[in-house]
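J.: Make a model of this:
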Amino acid sequence: MTLQIVRIPPPLPWHVRRYRQARQSCSEQLAHMRRRWYLYLPVFAIWALAYVRLFLDPTPRLPIVFNWTPSLPYRVAYRVTCTQSAPPTLHRGDYILFAFAGDAQQLYPGLRGQPFFKMVRGLPGDTVTVQDRRVLINGEAVGHAKSQTFDHRALDPIQPTVIPPGSYYVQGSSPDSFDSRYRSSGLVRAEQVIGLVRPLF
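T.: Take a look at the predicted model:
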């Protein structure tokens, strides 16, 4: 009778086990994607189009506008296209779509040229004043400027000014709306306006 010694290997470190499990899970996921490619193709196509729209060409092409932010209570609106040669005549209370061009694009590069959907609250010649972060137009309070963003970046209120020709003060109805209340957003120039918007619901 011979005695046989069996050596039991030491257990693998936890990080090696986790790596092997993750690698196996990734391999299984890739195999599933190859078998069911027709399910994943639309997802990747939408993802690619979203990146193109965000960084290459944010101009909306359809007349229907979808609002995903709480800045205004409307989720769907109809856009009336205008041309740069004949900018629309805007009135107080009009809803507009405009291409963002404020200073915040230095902190958030993805904002550059993005379409914003806001209401016109101030017209050329109106006086904008600020009292304890409360913004007033011609002496009437229109909103309060918050001190910071959701990611804790400082927000400065708009500088007191008289709105120059060809510029507009725009604002959303939500206290969290990022609009002309803030210096980093500022007034909207006529050439930024993409079109008038008619809220549907």
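
J.: The chain: helices as residue ranges?
T.: 14-35, 37-55 (DSSP state H).

J.: worst average pLDDT in the ones you listed?
T.: Per-stretch mean pLDDT for the helices of the chain is lowest at helix 37-55 (a mean of 77).

J.: Least confident secondary structure element in the chain?
T.: The least trusted helix or strand in the chain, going by mean pLDDT, DSSP states H and E, turns out to be helix 37-55, with a mean of 77.

J.: ok so, going back, include distance to Gln114 and mean neighbour count when you put the helices of the chain into TSV, please.
T.: In short, each C-beta sits where N, CA and C put it, glycine included. TSV is the format used below for the helices of the chain (distance: least, C-beta to C-beta, whole Å; neighbours: other C-beta atoms under 10 Å):
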stretch	distance to Gln114	mean neighbour count
helix 14-35	31	10
helix 37-55	8	11
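
J.: Now render these as a markdown table, adding distance to Asp156.
T.: Formatted as a markdown table, the helices of the chain follow (distance: least, C-beta to C-beta, whole Å):
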| stretch | distance to Asp156 |
| --- | --- |
| helix 14-35 | 45 |
| helix 37-55 | 26 |
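
J.: of those helices, which approaches Gly172 most closely?
T.: Of all the helices of the chain, helix 37-55 sits nearest to Gly172, with 20.6 Å by C-beta to C-beta.

J.: Can you verify my assumption that Phe66 contacts Val76?
T.: Yes - taking contacts as C-beta atoms under 8 Å, Phe66 lies within contact range of Val76: 6.1 Å.

J.: need the strands for the protein, in chain order.
T.: 64-66, 76-81, 95-99, 115-122, 127-131, 134-137, 140-144, 161-162, 167-171, 188-189, 193-199 (DSSP state E).

J.: will you turn the ones you listed into a markdown table that also has mean neighbour count, mean pLDDT and distance to Thr89?
T.: As requested, the strands of the chain are arranged in a markdown table below (neighbours: other C-beta atoms under 10 Å; pLDDT from 0 to 100; distance: least, C-beta to C-beta, whole Å):
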| stretch | mean neighbour count | mean pLDDT | distance to Thr89 |
| --- | --- | --- | --- |
| strand 64-66 | 14 | 83 | 20 |
| strand 76-81 | 15 | 84 | 12 |
| strand 95-99 | 21 | 92 | 12 |
| strand 115-122 | 23 | 94 | 11 |
| strand 127-131 | 15 | 97 | 21 |
| strand 134-137 | 18 | 97 | 19 |
| strand 140-144 | 14 | 95 | 21 |
| strand 161-162 | 13 | 96 | 20 |
| strand 167-171 | 24 | 97 | 11 |
| strand 188-189 | 20 | 94 | 15 |
| strand 193-199 | 19 | 90 | 10 |
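
J.: That's all I had, so thanks and see you.
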